[in-house]
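J.: sequence and predicted structure are below.
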Amino acid sequence: MYIYDEYDQQIVEDRVKQFRDQTRRFLSGELSENEFLPLRLQNGLYVQRYAPMLRVAIPYGLVSAKQMRKLAFIARQYDKGYAHFSTRQNVQFNWPELEQVPDILAHLAEVQMHAIQTSGNCIRNTTTDQFAGVAADELVDPRPWCEIIRQWSTFHPEFAFLPRKFKIAVNGAEEDRAAIGVHDIGLNVIKNEAGEIGFRVLVGGGLGRTPIVGSQICDFLPWQHLLTYLDAILRVYNRYGRRDNKYKARIKILVKALTPAVFAEKVNAEWAHTKDSDTTLTEQEVQRVAAHFTAPDYQQFAGEDADYLAKREAEKGFNNWAMRNLQAHKVPGYAAVTLSLKPTAVAPGDATDKQMDAAADLAERYSFGELRVTHQQNLVLADVRQSDLYALWQECKELGFATPNVGLLTDIICCPGGDFCALANAKSIPIAEAIQRTFDDLDYLHDIGDLDLNISGCMNACGHHHVGHIGVLGVDKKGLEFYQVSLGGNSGRDASIGQILGPSFAADEMPTVVSKVIDVYIQNRTPEELFLDTFQRIGMAPFKERVYAAAN
Amino acid sequence: MQRLIKNGEIIDESWHLLDKDATLDGMSNCDDLIVPLGLWLEHAHALKARDGGLGVWLDSDEHVEEIADDLPHFQVIALNFPVFSDGRNYSNARLLRDRYKYAGEVRAIGDVLRDQLFFMRRCGFDAFALRADRDAVEALESFKDFSDTYQSATDQPLPLFRRRQS
Ligand code: SF4
């Protein structure tokens, strides 16, 4: 993973100093609430329903064992002993004291971490595939490009006060695990026929009130031009994006208003001026950064580990876990392992300080000391020998990481919702829990197969409900908490936005509603179909009929 | 008298900033004036004939392209921040400097606060009319907020990756 040199370290330390002074001026009354607001936001500090919330960046989801231990320390020392891994591959602390935030940032800086631009109307943390660098279906490793984007976007002086927040995602694999279609900019790093690296550029995707899949404005941008092209997009957005209405301020609204073709013309006109400027990337810089992402010291194996395969045959529990929580690795004899943070009755994505310490230990013993945070709010050990999997599984069971539900209905993506978030219309965590309790039969869950169920507590869509195969959105109905259900969303390749099923439901109806939706799928599916396939074939009507028929 | 931060020092202000709806009526011939864009577009001829210094100011929804051909007439171009969180004039400043090679004073006016000065300077502003209720001496500190920066900008055209020594 990327290791700071003295420049990177200095910039992060300067930030701690700057924020310490800003906090001091706020506490002494020199800075008003309004003036402090964007300053603290650009440092990931919200003032939430019950206490401040501090969001720490985990750049493109990569975290070392040492960094994870520091996060555990912060959870213990400054919070109530746990942290929340978010859908944007970041980590959040829900109970720090404002006065202590500069100290927390200083602790983070010691392990090359920060909270820079994790919030506010600026360029946010760049996200990518949690299996970057190891996935069997990867074409180009996106991580060096993410780091290059991180550095370019960090304290970019022209784009610190954009009309609205701005999110970039990068994918380099066959499958799109980074959901690039629903980001302000989605980059698909590819190789052309000559073997040269470049980017397919999507712009204007996003969730929130106006969910929309991004439009392609460039089919092959040679890598040298990545940063000048991003500068051009951001400049057009900064100058022409709407600022009169925060719900219409995202770049997607501008792209839609101008049409993608006209937007692309504007970008190209701007880019023509800066295309070959000093911001053009050099071979040397790309190599410098890429050198941090070389393959670890893998052992050579001829193929799959026989003993591991035999244990899968012999032990059903192990096999269940292996079926769901392992990802094919590009190196023979290795696997990427998902540590589930979704046992029933725990808020999705929450981990205790002990679990974080334990995850760090596991990373050191089994996976070259590195972890990843996924946008499904789980952790990943990316480089585990197959011969170690059985031992790792047993440890995971002890630690509560072994719920064999990755990618299944109970692997719910869920925002903090009304239990924590000031913006919520409704609670989301109890809904997740009720659904998990209803679907507690593992065989049935495996039989249902891949299914993304995503829950957001309000329109801001932090739980990505629009792209859940089943999406749940908290709504306010005359002061009561209700839930609107949508079906058919999808964040992968050919991303799509879910369609609304119909009138919303009370909290206690939700498990039954989901059960009925699943029943319709089970009764209609062909042997090879997953939920999404069946939905796309038979459409909304049968689901609607079943769910609302019973209510009469 | 209003004071101004310019080139890292605090100086007394000698220019008069005219309101957005100002007209030519009763305009002094000798004072140094910063006129709104609308007035310039309508009365460029008359304004050029004056003896005093001339500057123009743009609001955050106005574009530097409108004055791109007129730049030699202005000693000062002021860019307004109606609220500090309106970032459009960072782009205007960079365009003035980097694209149109404007070498006169580029001044930040309006809701100009200490915590934005570092970014403003990077984008080519060299003068700052700090909000009147703020301490200009303290604000000078903010220019030292960061010892280095990653990106190319007006103050440092070479991005860090072309300067790193490792
Ligand atoms: S979706 Fe709404 S309720 Fe949930 S975390 Fe985001 S803002 Fe809060």
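T.: Received, thanks.
J.: closest to the centroid, which residue in chain B?
T.: B:Arg107 (2.0 Å; CA atoms, centre = their mean).
J.: for that residue, helix, strand, or coil?
T.: strand (DSSP: H, G, I helix; E, B strand; the rest coil).
J.: my guess is it meets B:Ile77, correct?
T.: Yes. In this structure, B:Arg107 is within contact of B:Ile77 by CB atoms under 8 Å, at 7.1 Å. All C-beta atoms are positioned from the backbone trio N, CA, C, and that covers glycine.
J.: shared neighbours, these two?
T.: Residues touching both B:Arg107 and B:Ile77 (CB atoms under 8 Å, 6 or more residues apart in numbering or on different chains): B:Gly55.
J.: so what's residue 99 up against?
T.: This is for chain A. Applying CB under 8 Å, 6+ apart, the residues contacting A:Glu99 are A:Thr23, A:Leu27.
J.: switch to chain B, please.
T.: Contacts for B:Arg99 (CB under 8 Å, 6+ apart) come out as A:His273.
J.: A:Val140 too?
T.: With contact taken as CB under 8 Å, 6+ apart, A:Val140 is in contact with A:Gly172, A:Val189, A:Ile190, A:Lys191, A:Ile197.
J.: assign it to helix, strand or coil.
T.: A:Val140 - assigned by three-state DSSP - is coil.
J.: same deal with B:Trp40?
T.: helix.
J.: what about the stretch 201-350 of chain A, any weak spots by pLDDT?
T.: Nowhere does the stretch 201-350 of chain A drop to pLDDT under 70.
J.: thinking again about what came up before, ok, the residue nearest to the centre of chain B - contacts?
T.: B:Leu4, B:Ile34, B:Gly55, B:Val76, B:Ile77, B:Ala78, B:Leu79, B:Phe125, B:Asp126, B:Ala127, B:Phe128, B:Ala129.
J.: which bits of chain B sit near chain A?
T.: By the rule CB under 8 Å from any CB of the partner chain, the part of chain B lying against chain A is B:63, B:84-88, B:90-92, B:94, B:99, B:113, B:115-116, B:118-120, B:122-123, B:145-153, B:157-162, B:164, B:166.
J.: mind running it again at 7 Å?
T.: B:85-88, B:90-91, B:94, B:99, B:113, B:115, B:119, B:122-123, B:145-153, B:157-162, B:164, B:166 (CB under 7 Å from any CB of the partner chain).
J.: PyMOL command to pick out the buried ones of the residues you listed?
T.: To isolate the buried ones among the residues of chain B next to chain A in PyMOL, judged by 16 or more other CB atoms under 10 Å in any protein chain shown, type:
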select buried, chain B and resi 85+86+87+88+90+91+94+113+115+119+122+123+145+146+149+150+151+152+153+159+160+161
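J.: in chain B, which residue sits nearest chain A?
T.: For chain B and chain A, the shortest gap (CB to the nearest CB) falls at B:Gly87, measuring 2.9 Å.
J.: residue 51: how many residues sit nearby?
T.: You didn't pick a chain, so chain A it is. Look at A:Ala51: counted by other CB atoms under 10 Å in any protein chain shown, it has 17 neighbours.
J.: right idea, wrong chain: chain B
T.: Neighbours of B:Asp51 (other CB under 10 Å): 9.
J.: ok, the one 10 residues further on next?
T.: Other residues within reach of B:Asp61 by the criterion other CB under 10 Å amount to 13.
J.: pLDDT value on the residue nearest to it when sequence neighbours are not counted, please?
T.: Distance criterion CB to CB, 6 or more residues apart in numbering or on different chains; nearest residue to B:Asp61, sequence neighbours excluded, is B:Arg88 at 7.0 Å. Looking at B:Arg88, its pLDDT is 98.
J.: which helices and strands sit right next to the helix or strand where A:Ile104 lies?
T.: Per DSSP states H and E: A:Ile104 is located in helix A:101-110. Helices and strands touching helix A:101-110, by 3 or more CB pairs under 7 Å, 6 or more residues apart in numbering or on different chains; DSSP states H and E, are helix A:6-27, strand A:52-56, helix A:65-78.
J.: buried deepest among these, which one?
T.: strand A:52-56 (a mean of 24; mean count of other CB atoms under 10 Å in any protein chain shown).
J.: can you list the residues of the stretch 451-552 of chain A near the ligand?
T.: A:Ser456, A:Gly457, A:Cys458, A:Asn460, A:Ala461, A:Cys462, A:Gly463 (CB under 6 Å from any ligand atom).
J.: residues touching the residue lying closest to the first one once chain neighbours are set aside, list them.
T.: Of all residues beyond its chain neighbours, the one nearest A:Ser456 is A:Gly463 (3.6 Å), with distances taken as CB to CB, 6+ apart. Shown here is A:Gly463, whose contacts under the criterion CB atoms under 7 Å, 6 or more residues apart in numbering or on different chains are A:Thr87, A:Ile413, A:Cys414, A:Cys415, A:Ser428, A:Asn454, A:Ile455, A:Ser456.
J.: so where's chain A shaky on pLDDT?
T.: Short version for chain A, where the test is pLDDT under 70: A:48-50, A:550-552.
J.: domain map for it?
T.: A:6-110, A:142-292, A:306-399, A:413-549 (automatic domain parsing).
J.: gap between A:Gln67 and chain B?
T.: Going from A:Gln67 to chain B by CB to the nearest CB, to the nearest Å gives 21 Å.
J.: now A:Gly457
T.: Counting by CB to the nearest CB, the separation of A:Gly457 from chain B is 26 Å.
J.: give me the number of residues near the closest residue in space to that residue that isn't next to it in sequence?
T.: Leaving aside its chain neighbours, A:Gly457 sits nearest to A:Gly417 (3.1 Å; criterion: CB to CB, 6+ apart). Residue crowding around A:Gly417 was assessed by other CB under 10 Å; the count is 26.
J.: likewise for A:Glu30?
T.: Neighbour tally, A:Glu30, other CB under 10 Å: 15.
J.: contacting residues for the residue nearest to B:Asp61?
T.: A:Asn238, A:Arg239, B:Ser60.
J.: helix/strand/coil for A:Leu187?
T.: strand.
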